[in-house]
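Asker: Generate coordinates for the sequence data below:
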Amino acid sequence: MTGSSLRINMLVTAICAMSLISVAAVATDGPIASPEPDWPQWRGRLRNGISDETGLGQRWPAEGPKQIWKIDGLGTGWSSPVLVGERLYITGDFEDGLYLLAYDLNGKLLWRAKNGSAWTGSYPGSRSSCTFSQGRLYHLNAHGRLACFDAATGQEVWAIDVLQRFGSPNITWGLSESVLVDGTHVIATPGGPKALMAAFDARDGHTVWATETLAGDATSYSSPILIQHGGRRLLINCSASHGFGVDADGGRLMWSVPLKNQYFVNASSPVFAAGRVFFVTPYGEEGRAYRLDATAAGIDAQQAWKNSLDTVTGGAVVVGDTLFAAGYRKSKWWLAVDFATGQVRSELKELTTGAAIYADKRLYCLDEQGNVGLVSADDGRLELAGRFSLGLERARDAWAHPVLLRGRLYLRYHDSLWCFDVRQPN
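Answerer: Predicted structure coming up:
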């Protein structure tokens, strides 16, 4: 082989190698899963509300799926359960404080552990779900007390006050963030004058890094997600006035976009898919998708589309090229939205606003009035495949997100947790 041919061959090989690297990088872009099994955190391992389970019933009988058990005595609150192995963990407010409660999968109480005071202000009740990591549970109460517990016994390992540490004020309806664990770091969003977001050492709670603040901003009610994009690991969340992205490995603020209403409430966690992040805030910016572009300096966010979706507590789920969510004021029902353009593909009005998770070509919806719907979501078309009611005496605040694991659907309403068998009947 001549020298010229050799150089050409080497150049072709290098280009092919770079192409393979590029393809590999694209293939790994997306939400980063918790290394823990089962349903260890808010909205599942990927924090995207999607379960990979199959073999589930595609339609429900008129009375709904079979109820396996029901637990009462959880206390007041809207947190969802997390499940790892043979245990379920959930929180609730009682007269003397907020408690973490551990149950076996038959509904037997194993232990209770207190994490500070209950929230007795407007809309009383516990807010945040626990996060499980390496045999420990991490939980942030409504007053800013972040605590670590031994998951086997409920014994407290450490606790800090994140608001006090960063001089941050609490917000009108109390902190509602379900903290994220990234390796040895526990991620929270204190807001305020000293830190937009912060990482705490999972072993003892000391501060590892803190993100620069956004002037005049505060925290809000959503929970962060962790993604891979453009060769970087990013944490994405909402403050009172912005959606933003932070370098997960050092805490540097990468970008921010306006996300503000007159109540300073951003309650829906961001959703990431196909290189775009979706934020939604009612009374203000409403539904907006931003394309994330890798640059030499980091990551930029450019608006891709906007629509009138005004979700509050229910969040959204993106499956393939379709986003599913329910509106709040303008469209108080369920919508399927083209995630590339923001155009509405389909609507379902048999259920009111609420939260959903996705599994096996179906949405499992809990609306705010306590109605439970099984919704076919094939090709972006919404069709009711079953419905029943939890029979609530109160209405309009069934806000806990559903959980689905091992063929069981878990639904929480304040003091009670239901468990249903949603597997395909034999």
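Asker: Any regions of the stretch 51-200 of the chain where pLDDT drops low?
Answerer: Within the stretch 51-200 of the chain, no stretch has pLDDT under 70.
Asker: now stretch 367-380: how far from the chain's centre is it?
Answerer: 18 Å (Cα atoms, centre = their mean, to the nearest Å).
Asker: now stretch 189-200
Answerer: Relative to the chain's own centre, stretch 189-200 is displaced by 19 Å; criterion: Cα atoms, centre = their mean.
Asker: residues contacting Asp321?
Answerer: Contact partners of Asp321, counting by Cβ atoms under 8 Å, 6 or more residues apart in numbering, are Ala274, Asp338, Phe339, Ala340, Gly380. For the C-beta atoms, the positions are set from N, CA and C on the backbone; glycine is no exception.
Asker: which residues touch the first one?
Answerer: If you count contacts by Cβ under 8 Å, 6+ apart, Ala274 has them with Val318, Asp321, Phe339, Ala340.
Asker: The last one now?
Answerer: Contacts for Gly380 (Cβ under 8 Å, 6+ apart) come out as Asp321, Thr322, Ala336, Asp338, Arg345, Ser346.
Asker: let's go with 10 Å and repeat that
Answerer: 319-324, 336-339, 344-346 (Cβ atoms under 10 Å, 6 or more residues apart in numbering).
Asker: quick one: the strands in the stretch 151-300 of the chain?
Answerer: 156-161, 180-182, 185-188, 198-201, 207-210, 225-229, 232-238, 242-247, 253-258, 271-273, 276-281, 286-294, 299-307 (DSSP state E, counting those that start in this stretch).
Asker: what's the third one packed up against?
Answerer: Looking back up the chat, that one is strand 185-188. strand 131-133, strand 136-140, strand 145-150, helix 162-166, strand 180-182, strand 198-201, strand 207-210, strand 232-238 (3 or more Cβ pairs under 10 Å, 6 or more residues apart in numbering; DSSP states H and E).
Asker: and that strand, which residues are buried?
Answerer: Burial within strand 185-188, assessed by neighbour count using 16 or more other Cβ atoms under 10 Å, is assigned to His185, Val186, Ile187, Ala188.
Asker: Could you do the fourth one as well?
Answerer: Of the residues in strand 198-201, those with enough neighbours to count as buried (16+ other Cβ under 10 Å) are Ala198, Ala199, Phe200.
Asker: Closest one of those to Val280?
Answerer: Ala198 (24.7 Å; Cβ to Cβ).
Asker: can I have stretch 394-408 written out in PDB, keeping just the CAs?
Answerer: What follows is stretch 394-408, C-alpha atoms only, in PDB (Å, rounded to 0.1, in the frame of the first residue of the first chain):
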ATOM      1  CA  ARG A 394     -64.200  14.700  48.800                       C
ATOM      2  CA  ALA A 395     -63.500  15.900  45.300                       C
ATOM      3  CA  ARG A 396     -61.000  17.800  43.200                       C
ATOM      4  CA  ASP A 397     -57.800  17.000  45.100                       C
ATOM      5  CA  ALA A 398     -56.900  13.400  44.200                       C
ATOM      6  CA  TRP A 399     -53.400  14.600  43.100                       C
ATOM      7  CA  ALA A 400     -51.100  11.700  43.900                       C
ATOM      8  CA  HIS A 401     -49.500  10.100  40.800                       C
ATOM      9  CA  PRO A 402     -50.200   6.400  40.100                       C
ATOM     10  CA  VAL A 403     -47.500   3.700  40.400                       C
ATOM     11  CA  LEU A 404     -47.400   0.400  38.500                       C
ATOM     12  CA  LEU A 405     -45.100  -2.400  39.400                       C
ATOM     13  CA  ARG A 406     -45.200  -6.200  38.800                       C
ATOM     14  CA  GLY A 407     -48.800  -6.100  37.500                       C
ATOM     15  CA  ARG A 408     -50.000  -4.100  40.500                       C
END
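Asker: Let me know the average pLDDT across that stretch.
Answerer: Per-residue pLDDT over stretch 394-408 has a mean of 95.
Asker: Next, report how far it is displaced from the centre of its chain.
Answerer: On the basis of Cα atoms, centre = their mean, stretch 394-408 sits 14 Å off its chain's mean C-alpha point.
Asker: Over to stretch 129-144?
Answerer: From the chain centre to the centre of stretch 129-144 is a distance of 14 Å (Cα atoms, centre = their mean).
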